[in-house]
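Novice: Based on what follows, work out the 3D shape:
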Amino acid sequence: MDRGPVLVTLEYQVDPADAIAFARTMREVARIRRRNGAVSWGLFDDAENPGKWLEFFIDESWVEHLRHHRRMSRADVDIEAAARRFLVDGTAPTVRHFLAPER
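Specialist: Okay, the predicted model is just below:
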């Protein structure tokens, strides 16, 4: 449970026409992630696949990541929902969790 750090990635498929609004909304998501304990956060758009975006953040440990989920307020859930409104119909974020190797 104390293993870490944990790298979390989320891939989003967004209509390229909504790119600016999506990125603006994701800045609000970044504030949530950092407030809830993420030590790093970033957002990138895929140069080879228009509309594909990758969000990443790093939590200190698996336990901290699990706590991150419990720290979500109703306002946080609403902000994440606002970002997901930009997703192409029928898609959902692809979420992956990576653990640093044990020392």
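Novice: what does the helix or strand hosting Met26 rub up against?
Specialist: Element membership for Met26, per DSSP states H and E: helix 19-35. For helix 19-35, the external contacting residues (CB atoms under 8 Å, 6 or more residues apart in numbering) are 12, 14, 41, 43, 45, 51, 53, 55, 57, 68, 71-72, 76, 79-80, 82-83, 86. All C-beta spots, glycine's among them, are computed from the backbone N, C-alpha and C.
Novice: In stretch 23-40, which residues are buried?
Specialist: Thr25, Met26, Val29, Ile32, Arg33, Asn36, Gly37, Ala38 (16 or more other CB atoms under 10 Å).
Novice: CA atoms only: put it into CSV for me.
Specialist: Presented in CSV, the C-alpha positions along stretch 23-40 are these (Å, rounded to 0.1, in the frame of the first residue of the first chain):
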residue,chain,number,x,y,z
ALA,A,23,-7.6,22.6,-22.2
ARG,A,24,-9.1,25.6,-20.3
THR,A,25,-11.4,23.3,-18.3
MET,A,26,-8.5,20.9,-17.6
ARG,A,27,-6.7,23.7,-15.8
GLU,A,28,-9.5,23.5,-13.3
VAL,A,29,-8.9,19.7,-13.1
ALA,A,30,-5.2,20.4,-12.5
ARG,A,31,-6.0,22.5,-9.4
ILE,A,32,-8.1,19.7,-8.0
ARG,A,33,-5.4,17.1,-8.6
ARG,A,34,-2.8,19.3,-6.9
ARG,A,35,-5.0,20.2,-4.0
ASN,A,36,-5.8,16.6,-3.4
GLY,A,37,-2.1,15.7,-3.2
ALA,A,38,-0.6,15.2,-6.7
VAL,A,39,3.0,16.2,-6.7
SER,A,40,3.0,16.7,-10.5
